[in-house]
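**Student:** Turn this into a structure:
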Amino acid sequence: MTSAAHELPADLEALRALALHQQHEIDTRDEKIDALGDEIRQLREYVRLLRHQRFGRSSEQTSRLQLGLFNEAEVAADAAEKDDASAGVEVAAHTRRPHGRRPLPSFLPRIEIVHDLPDAAKVCATDGTALVRIGEEVCEQLEIIPATIRVLRHVRPKYACSTCHAGIHVAPLPPQPIPKSLASPALLAHVAVAKYVDALPLYRQETILGRIGIELPRATLAHWMVRAGELVQPLVNLLRDDLLAGGLVQCDETPFQVLKEPGKAATSLSYLWVQRSLARDAPVVLYDYDPSRSGRVPERLFEGYAGVLQTDGYEGYTAVGQRPGIVHVGCFAHARRKFDEALKGMLGAERKATSRKESVALQGLGFLQKLYAIERSAKDATPEERTRLRDECSRPVIDALRRWLDDALPRVAPQTLTGKALGYLDHQWPKLVRVFDDGRIPLDTNLVENAIRPFVVGRKNWLFADTVRGAHASANLYSLVETAKAHGFEPYCYLRLVFTDLPRATTLADFEALLPRNLDRARQHDPRQASANA
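**Tutor:** I've put the predicted structure just below:
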C-alpha cells in the first residue's frame, strides 16, 4: 500500500505532462494548419490575378454601381460630411460626333475623273431640246500609291583654265548626314520612322525594299540608324537642358536587352529610362539607356535638377528624391492598380460579399475613383483653378481615406493582395499627398508611361539591340521622334528636315533652331503642304 501510494502521484504528474505535451502538439499543428490555409488563400489570390492578367481584360475600370454596393456603414458614417464635397462634382458633357462617313482631308490633291453622258444622250427624248447642265454629283475615293523611290544625282560640273591649267574648280557637295553613303535625308527619315514610330524591324524593311528591287542589307540599315542617332546628339543635349530647366518632370524605366554588352550575358537585362516634362508649351520626352536599374542612374540623370520629380514607388528613386531642391511626388495610378489587382484576385463570391474584411479592396478603390472623378472635372482648368478645386473637393476625400487606411491596416493580413495594396498606399502616402500642393502636377505618371508604350511595342517586334552603341542611338532617335510628336509635328517631315539641316549646323543658334519648340510648322514641311505640292 505504501509503495503504491508513493507511485500514484508520480503517475499523475506523468499523465499531466503527457497531456500538456499532446495539447502543445495539437496547438502547434493547428497553427501550422492555419498558416498553410492562409498561404493557400494567398496563392489562390495570385493564381486568380495571373489568370486575369493572362486571359482577362487589362482595363482597370470598375462599375460605379459595384463600388457603391460596398460602402459600409462604418465608412459611410465616417465620411458622410465629406461626401457632399465630392458628390457635387460636375463632369463636362461630351460632344456627340456626327454619324456617317467623314470627309477626306482638304489638303490632299484632287484628280477629277469626269463621267459625262455621250453627246447623243444630251438631248431630251420628249421634244429633242438640248439638255442644260444644272449641277453635278460628286463622290470621292481615296487612292494610295506605294512608296516611290528615286535616285538623287548630285552633278558638280568641273571647271579649269584653258590657258594656265592651274587647277580644277568644282562646287562643294552640301554636307550630308552620312558622308559617302547612299542614304539621303529622306531615306534616313523613312527608315527611322518605320522603326521607331511604326515598330517595323529592319529585317522587314529589308524585305519590303527588296520587293521593289532595292537591295539594302539590314546591317547597312542598322549602321545608318546608329550614325543617325549619333548625329542628333547635340539636339538631345539641348532637350535635356530644357527638361531640367522646366522644374516639373516624370520618370519611369523599362527593360531593354542588349546582346553585346561588356561584362554582361546576352540574356541579362538593361534598362531604358524615360523622362517627360510636364510643360504644356514645350514638352520634352527623353530616353536614356543604362545597363543598370540602380538608384545611381536617376542620380546621374537629374544631376543639378531642382523641381518636382514624379515617379512610381520604385525605391531606386528614393535617393534622388531626398536631394535638396527636389520635391518627390508619388503616383495614384499605381496605388489604384494595387487595389484593382486585389479585386481581380478575389473569387466572384468574395467580390459580392458585404462583410467588412472582404470589401476592403473595393472601399479603397472607391476612394481613389472619387479623386479621379474630381480630376476629370478639372481637365481643362488652369493650375490655379485645379489647386482651388482640390482644396475644396479632393482634400476632404484624402482626409477620409487616411482615417479609413489607419482603420483597415491592422485588420488585413499584409501578405494578401489587399494587404499589399494597403501597405503600398501607406508607404507612399507622404509622396502621394504632395500632388495636391501644386495644380500643375497630375495625379499619376500616365504621361511618361504613355511615352514608354512606343518603345514597348517596338521591343515586341525587334526584341533587342545588338550593341551598346546602337542602344544609345535608339534612345536618341526615340527622344527626338517622341518630342516632335508631343509638339504636334509629323515625325517623317521633322526628321527629314533635321537630317537635311543638322549637318550644316555650326553654331548654337543653328542647333536650337531645329528643336521642336523653335521650329516653324511651315518650315518643317507639314504633310498637308507636301501633299498639296505633290
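**Student:** just checking, what packs against the helix or strand hosting Leu368?
**Tutor:** Following DSSP states H and E, one finds Leu368 within helix 360-377. For helix 360-377, the helices and strands in contact under the criterion 3 or more Cβ pairs under 8 Å, 6 or more residues apart in numbering; DSSP states H and E are helix 64-69, helix 80-87, helix 332-344, helix 395-408, helix 417-432. Where C-beta positions appear, they are placed from N, C-alpha and C, glycine not excepted.
**Student:** relative to helix 360-377, how tilted is the fourth one?
**Tutor:** What that stands for is helix 395-408. Between the axis of helix 395-408 and that of helix 360-377 there is an angle of 170 degrees, by axes from the mean of the first three to the mean of the last three Cα atoms, to 10 degrees.
**Student:** picking up where we left off before, kindly present the helices and strands packed on helix 360-377 as JSON lines, with separate columns for mean neighbour count, distance to Asp312 and mean pLDDT.
**Tutor:** Output for these, formatted as JSON lines (neighbours: other Cβ atoms under 10 Å; distance: least, Cβ to Cβ, whole Å; pLDDT from 0 to 100):
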{"stretch": "helix 64-69", "mean neighbour count": "12", "distance to Asp312": "24", "mean pLDDT": "46"}
{"stretch": "helix 80-87", "mean neighbour count": "14", "distance to Asp312": "25", "mean pLDDT": "41"}
{"stretch": "helix 332-344", "mean neighbour count": "22", "distance to Asp312": "5", "mean pLDDT": "89"}
{"stretch": "helix 395-408", "mean neighbour count": "17", "distance to Asp312": "19", "mean pLDDT": "94"}
{"stretch": "helix 417-432", "mean neighbour count": "20", "distance to Asp312": "9", "mean pLDDT": "93"}
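**Student:** Including distance to Ala199, could those go into JSON lines?
**Tutor:** Below are the helices and strands packed on helix 360-377 laid out as JSON lines (distance: least, Cβ to Cβ, whole Å):
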{"stretch": "helix 64-69", "distance to Ala199": "36"}
{"stretch": "helix 80-87", "distance to Ala199": "41"}
{"stretch": "helix 332-344", "distance to Ala199": "24"}
{"stretch": "helix 395-408", "distance to Ala199": "40"}
{"stretch": "helix 417-432", "distance to Ala199": "32"}
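**Student:** Quick one, which of those gets closest to Arg153.
**Tutor:** Proximity to Arg153 (Cβ to Cβ) singles out helix 332-344 among the helices and strands packed on helix 360-377, at 54.4 Å.
**Student:** Strands along this structure, start to end?
**Tutor:** In the chain, strands defined by DSSP state E lie at 158-160, 168-170, 248-256, 258-260, 270-277, 285-290, 307-310, 326-329, 465-467, listed in chain order.
**Student:** For Tyr203, which of the helices and strands packed on helix 360-377 is the nearest?
**Tutor:** In terms of Cβ to Cβ, the element of the helices and strands packed on helix 360-377 nearest to Tyr203 is helix 332-344, at 35.7 Å.
**Student:** So which other helices or strands are in contact with that closest one?
**Tutor:** In terms of contacts (3+ Cβ pairs under 8 Å, 6+ apart), helix 332-344 is packed against helix 2-55, helix 360-377, helix 417-432.
**Student:** just to revisit the earlier point, out of the helices and strands packed on helix 360-377, which gets nearest to Pro383?
**Tutor:** When the helices and strands packed on helix 360-377 are ranked by proximity to Pro383, the top entry is helix 395-408, at 16.3 Å, counting by Cβ to Cβ.
**Student:** Can I get that closest one in PDB, CA atoms only?
**Tutor:** Coordinates of each C-alpha in helix 395-408 appear next as PDB, following Å, rounded to 0.1, in the frame of the first residue of the first chain:
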ATOM      1  CA  ARG A 395      -8.600  67.100 -49.600                       C
ATOM      2  CA  PRO A 396     -11.800  66.000 -47.700                       C
ATOM      3  CA  VAL A 397     -11.600  62.700 -49.600                       C
ATOM      4  CA  ILE A 398      -7.900  62.400 -48.800                       C
ATOM      5  CA  ASP A 399      -8.600  63.000 -45.100                       C
ATOM      6  CA  ALA A 400     -11.300  60.400 -45.100                       C
ATOM      7  CA  LEU A 401      -9.100  58.000 -47.000                       C
ATOM      8  CA  ARG A 402      -6.300  58.400 -44.300                       C
ATOM      9  CA  ARG A 403      -8.700  57.600 -41.500                       C
ATOM     10  CA  TRP A 404     -10.000  54.600 -43.400                       C
ATOM     11  CA  LEU A 405      -6.500  53.400 -44.100                       C
ATOM     12  CA  ASP A 406      -5.500  53.600 -40.400                       C
ATOM     13  CA  ASP A 407      -8.500  51.500 -39.500                       C
ATOM     14  CA  ALA A 408      -8.000  48.900 -42.300                       C
END
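**Student:** by contact count, what packs against it?
**Tutor:** For helix 395-408, the elements it packs on are helix 73-78, helix 80-87, helix 360-377, helix 417-432, judged by 3+ Cβ pairs under 8 Å, 6+ apart.
**Student:** Let's see that with 6 Å instead.
**Tutor:** Contacts defined by 3 or more Cβ pairs under 6 Å, 6 or more residues apart in numbering; DSSP states H and E place helix 395-408 against helix 80-87, helix 360-377.
**Student:** picking that back up, of the helices and strands packed on helix 332-344, flag the one that's most buried.
**Tutor:** By mean neighbour count, with neighbours taken as mean count of other Cβ atoms under 10 Å, helix 360-377 ranks first of those at a mean of 22.
**Student:** What is the distance between that one and the centre of its chain?
**Tutor:** A distance of 22 Å separates the centroid of the chain from that of helix 360-377, by Cα atoms, centre = their mean, to the nearest Å.
**Student:** And stretch 21-29, by the same measure?
**Tutor:** Counting by Cα atoms, centre = their mean, stretch 21-29 is centred 55 Å from the centre of its parent chain.
**Student:** try stretch 28-47
**Tutor:** Averaging C-alpha coordinates over stretch 28-47 and over its chain gives two centres that are 37 Å apart (Cα atoms, centre = their mean).
**Student:** Check what contacts that stretch and list those residues.
**Tutor:** Contacts of stretch 28-47 from elsewhere in the structure, counted by Cβ atoms under 6 Å, 6 or more residues apart in numbering, are Gly345, Gln415, Thr416, Leu417.
**Student:** Can you pick out the most distant pair from the residues you listed?
**Tutor:** When the contacts of stretch 28-47 are compared pair by pair using Cβ to Cβ, the farthest-apart members prove to be Gly345 and Gln415, with a separation of 12.2 Å.
**Student:** If you count surrounding residues, which of the two has more?
**Tutor:** Here Gly345 and Gln415 are compared on neighbour count by other Cβ atoms under 10 Å; more neighbours surround Gly345, at 23 against 13.
**Student:** The more buried one contacts Leu417, doesn't it?
**Tutor:** Yes: the criterion here is Cβ atoms under 6 Å, and Gly345 meets it with Leu417 at 4.5 Å.
**Student:** okay, and for this structure, where does confidence drop off?
**Tutor:** Counting by pLDDT under 70, the chain contains low-confidence ranges at 1-11, 45-46, 48-49, 52-100, 347-358, 521-534.
**Student:** Spatially central residue in it, please.
**Tutor:** Centroid-nearest residue in the chain, with Cα atoms, centre = their mean: Asn450, separated by 1.9 Å.
**Student:** and the gap between it and Leu432?
**Tutor:** According to Cβ to Cβ, to the nearest Å, Asn450 and Leu432 sit 20 Å apart.
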